[in-house]
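J.: Could you work out the structure for the sequence below:
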Amino acid sequence: MLEEVRIRNLGVIADATLQLDRGFTVVTGETGAGKTMVVAGLMLMFGERSDSSQVSHDAASADIEGRLRLAPDSHAVRRTTEAGGDVDEDGTLILSRSVSKNGRSRASAGGRSVPVGVLAELADSVIAVHGQSTQLRLAQPAQQRELLDRYAGAPVTQALADYRAAYDEWRRIEQERDDRLRNDDERRRTRQMLMFGLEQVDAAAPRPGEDERLEQELGRLANADSLRQSVQAAHTALVGADDDAGGDSISTLIGRAVRALDEGGVHDESLAELATRAKEISYLATDLASDVSGYAEGVSDDPERLAQAMARRVELRELVRNYGGADGVAGVLAWADDARAQLDAMDDSAESMARLEQQVTQAQASAQTAAAALSSRRREAAGSFQDAIGAQLAKLAMGSVRIGVRVSPREAAAGRPTLEADGRPAGASPDGIDTVHIELSSDGGTTYRPLAKGASGGELSRVMLAIEVVLAGTDPVPTMVFDEVDSGVGGESAIEIGRLLAVLGKDHQVIAVTHLPQVAAYADRHVVIEKSGAQGVTRSDIRHLDHAERIVELTRMLAGLTDSDSGRAHAAELLETAYQERDPSAATRPAAKSSAKKSTTKAAAPAKKSPTKAGRRTTTSKRARQVSDPK
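T.: Modelled structure (predicted):
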């Protein structure tokens, strides 16, 4: 739940702190005092889109900081930890949001800067804000379907999950079929291109490394004369010319060295070892000469072979240009392997398309079965849902009004997914094939009309509140905020709204902004937004009221004046009645009326605490103070 919210420089609020607790807290104040800024601050703190125009005109930025106490295993704690924020061991979490004049926005959770979207994610499991826009959404069929699904709980949740799995699979296979049909021409062109390329590669039959070997061969063929001269010179140097047996060839010179070392080796063994090494060199020279001679015999200047090699090079270069790129023949062979794999994957046979059509039919049948099961669960829940709403409306002075919750097939639309309901086409979406209508009848159930057409603003407020009470037991959100949802309501209906909000406050933290004293009287705590003006500038502050101060504020709300004796008497009676209804076992507060009479128009004197109720009813009057450091 929320424990504290500090708002600075937001609208007319300069610096104010709202202390919160469990139960029902009401926020009141004169028109223009800034009540809506409290709700705006909460929404900004939970990721609402920022508006720089909300920043006070004399400030650089608006800042909102809040302290929450959460269950350690809650989704909000886990999400904060994932975002790098810190949460105290007792579940205390600090959130903040800053909006500058130039429109820049910053957010933090648990002391760590986070995207604003993280705050919005936290809001989904922490707080629900209801206002005039909520009432407008209530008139939309999609919102009404969500309300029914929330009420139905696990049976619909599971049926919806099963349906979505079947729906997604059906749409996936159908998309695959459609893509195949739509891309059939392109697939044929691709197939033809691959087959043509493979025919060229197979006809040329390149071998790995052939391009490199061919370049070497062409080098030999084109330079045969030069190569022949080089090897002849090398051979002569190694063994001498045929007509120069006593020349200075390497073999001759090494032979002389061997003989000289042999002669000296007779007298010194070290020279004998050198002679052995010289003989080894002689053998190597002889082998080298033999290899050079063999190379010379292989040098050919065959013009026919040269022409063949050059033609083959042209053929390979064409393949490389089309299919190999910088990788040469190796790239051509790799392309051919990939092309064969693509062709194997392209099964364009009629049998393949028939199999795909059969898969579509089977997947659609599965989605149809799941959709029917989901619709059945919704219809089962609709009857009890409308009865539960009707029971709450009876408590809101709408006993003659009848509520109907109707589940009907969604109208099919051309070009959109379609299943069947009762043998007729029905539009399908990830949420099913149903349209849910919450309808209102003012003539005892004879004629039902959609909420948007059959309900006034005040009736919409009460219907929404009745639904919230019905859903309270299934709603995991601990904090509910109501922003003037009692607009257009008065008299007995206003009292009933106060009672219902008090009922909600037993299981949730309820914060309500209201202009109705009947609603405010039923709150566990009362906060007033007060405005003051200095040098033409309006500023507002938040004040937490004790019992006597509540009577003064209720008097203002009832009579428009705070010094009206009859107004104070009425306010005291209204407040005491609300106390008694919330706790019938409590003793009647003594001298409540007299304490109200002592109040002034500016500020009420602190009331003497009742010994039986002081702990529960009275809070000290608090000025805004800074949100405490969680550390």
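J.: so D73, which of the three states?
T.: Look at D73: counting by DSSP: H, G, I helix; E, B strand; the rest coil, its state is coil.
J.: For it, give its distance to V87.
T.: Applying C-beta to C-beta, to the nearest Å, the value for D73 to V87 is 11 Å. Placement of C-beta: from N, CA and C, glycine included.
J.: neighbour count winner among the two?
T.: It is V87, of D73 and V87, that has more neighbours when counted by other C-beta atoms under 10 Å, with 22 against 8.
J.: what's near enough to touch that one?
T.: Contacts for V87 (C-beta atoms under 8 Å, 6 or more residues apart in numbering) come out as L70, P72, V77, T80, T81, L93, G110.
J.: didn't the second one look like it was pressed against L93?
T.: No: with contacts counted by C-beta atoms under 8 Å, P72 stays clear of L93, the gap being 10.5 Å.
J.: where exactly do the helices run in the stretch 501-631 of the chain?
T.: Ranges of helices in the stretch 501-631 of the chain, per DSSP state H, counting those that start in this stretch, are 517-520, 547-559, 565-582, 592-597, 614-617.
J.: tell me the most buried of the ones you listed?
T.: Comparing the helices of the stretch 501-631 of the chain by mean neighbour count (mean count of other C-beta atoms under 10 Å), helix 517-520 comes out on top with a mean of 28.
J.: pLDDT averaged over that helix - what is it?
T.: The pLDDT scores in helix 517-520 average 93.
J.: Could you do stretch 49-64 as well?
T.: Regarding stretch 49-64, the rounded mean pLDDT is 89.
J.: and the longest helix for the chain?
T.: Counting by DSSP state H, the longest helix found in the chain is helix 350-394.
J.: Now find how far off-centre the following helix or strand past that helix is within its chain.
T.: Counting by DSSP states H and E, the next helix or strand C-terminal to helix 350-394 is strand 402-409. Offset of strand 402-409 from its chain centre (C-alpha atoms, centre = their mean, to the nearest Å): 33 Å.
J.: Mind listing the strands strand 402-409 pairs with, and their directions?
T.: If you go by DSSP bridges, strand 402-409 pairs up with strand 434-441 (antiparallel).
J.: Export the helices of the stretch 501-631 of the chain to JSON lines and append columns for distance to D184.
T.: Listed next are those as JSON lines, based on distance: least, C-beta to C-beta, whole Å:
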{"stretch": "helix 517-520", "distance to D184": "66"}
{"stretch": "helix 547-559", "distance to D184": "73"}
{"stretch": "helix 565-582", "distance to D184": "72"}
{"stretch": "helix 592-597", "distance to D184": "85"}
{"stretch": "helix 614-617", "distance to D184": "76"}
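J.: Can you check what angle separates the longest helix of the chain from strand 434-441?
T.: Counting by axes from the mean of the first three to the mean of the last three C-alpha atoms, to 10 degrees, helix 350-394 lies at 20 degrees to strand 434-441.
J.: start at 60 instead
T.: Taking 60 as the first residue, the last one we looked at is helix 409-453.
J.: Just the mean pLDDT for helix 409-453, thanks.
T.: Mean predicted lDDT for helix 409-453 stands at 92.
J.: which strands and helices sit next to it?
T.: Applying 3 or more C-beta pairs under 8 Å, 6 or more residues apart in numbering; DSSP states H and E, one finds that helix 409-453 contacts helix 200-211, helix 213-241, strand 461-468, strand 477-480, strand 493-500, helix 516-530.
J.: now the angle between helix 516-530 and the third one, please.
T.: Here strand 461-468 runs at 70 degrees with respect to helix 516-530, directions being taken by the same axes, to 10 degrees.
J.: thinking again about what came up before, so the longest helix of the chain versus helix 200-211, what angle?
T.: With the same axes, to 10 degrees applied, the angle from helix 409-453 to helix 200-211 works out at 80 degrees.
J.: quick one: helix 409-453 to chain centroid distance?
T.: Distance of helix 409-453 from its chain centroid, counting by C-alpha atoms, centre = their mean, is 27 Å.
J.: now do stretch 336-345
T.: Remark: stretch 336-345 is offset 81 Å from the chain centroid, using C-alpha atoms, centre = their mean.
J.: cool, and stretch 217-233?
T.: Relative to its chain's centre, stretch 217-233 lies at 21 Å (C-alpha atoms, centre = their mean).
J.: repeat for stretch 451-469
T.: 36 Å.
J.: Tabulate the CA atom coordinates of that stretch in PDB.
T.: Taking C-alpha atoms only, stretch 451-469 is exported to PDB below (Å, rounded to 0.1, in the frame of the first residue of the first chain):
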ATOM      1  CA  GLN A 451     -25.000  -3.500  -5.000                       C
ATOM      2  CA  LEU A 452     -27.000  -1.100  -7.100                       C
ATOM      3  CA  ALA A 453     -30.000  -1.700  -4.800                       C
ATOM      4  CA  LYS A 454     -27.800  -0.300  -2.000                       C
ATOM      5  CA  LEU A 455     -27.100   2.800  -4.100                       C
ATOM      6  CA  ALA A 456     -30.800   3.800  -4.400                       C
ATOM      7  CA  MET A 457     -31.100   2.100  -7.800                       C
ATOM      8  CA  GLY A 458     -33.300  -0.800  -6.700                       C
ATOM      9  CA  SER A 459     -35.700  -0.300  -9.600                       C
ATOM     10  CA  VAL A 460     -32.800  -0.500 -12.100                       C
ATOM     11  CA  ARG A 461     -32.000  -3.800 -13.700                       C
ATOM     12  CA  ILE A 462     -28.600  -4.800 -15.000                       C
ATOM     13  CA  GLY A 463     -28.200  -7.200 -17.800                       C
ATOM     14  CA  VAL A 464     -24.900  -8.800 -18.800                       C
ATOM     15  CA  ARG A 465     -25.200 -10.300 -22.300                       C
ATOM     16  CA  VAL A 466     -22.600 -12.400 -24.100                       C
ATOM     17  CA  SER A 467     -23.200 -12.600 -27.800                       C
ATOM     18  CA  PRO A 468     -21.100 -13.500 -30.900                       C
ATOM     19  CA  ARG A 469     -19.000 -10.700 -32.300                       C
END
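J.: Now do the buried residues in it.
T.: Residues 451-452, 454-457, 460-469 are the ones in stretch 451-469 that count as buried (16 or more other C-beta atoms under 10 Å).
J.: Same question for stretch 272-288.
T.: Under the neighbour-count criterion of 16+ other C-beta under 10 Å, stretch 272-288 has L273, L277, R279, L280, L286 buried.
J.: That one spans what distance, first to last residue?
T.: Using C-alpha to C-alpha, to the nearest Å, one end of stretch 272-288 lies 23 Å from the other.
J.: for that stretch, what is the average pLDDT?
T.: Here stretch 272-288 scores 73 as its mean pLDDT.
J.: got a list of contacts for it?
T.: The contact list for stretch 272-288 (C-beta under 8 Å, 6+ apart) reads A355, V358, S359, D360, D361, R364, L365, A368, M369, R371, R372, L375.
J.: Of those, which qualify as buried by neighbour count?
T.: Applying 16+ other C-beta under 10 Å to these, the neighbour count classes A355, V358, L365, A368, R371, R372, L375 as buried.
J.: State the mean pLDDT of the helix or strand hosting the last one.
T.: Assignment of secondary structure by DSSP H and E places L375 within helix 362-378. Mean pLDDT, computed over helix 362-378, is 83.
J.: next one: stretch 73-80
T.: Across stretch 73-80, pLDDT averages out at 91.
J.: got the CA positions of it in CSV?
T.: Provided in CSV are the C-alpha atoms of stretch 73-80 (Å, rounded to 0.1, in the frame of the first residue of the first chain):
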residue,chain,number,x,y,z
ALA,A,73,4.1,24.1,-3.8
ASP,A,74,5.2,21.4,-1.3
ALA,A,75,2.8,19.1,0.4
THR,A,76,2.9,15.6,1.9
LEU,A,77,0.0,13.2,2.0
GLN,A,78,0.2,10.6,4.9
LEU,A,79,-1.8,7.5,4.1
ASP,A,80,-2.8,4.3,5.9
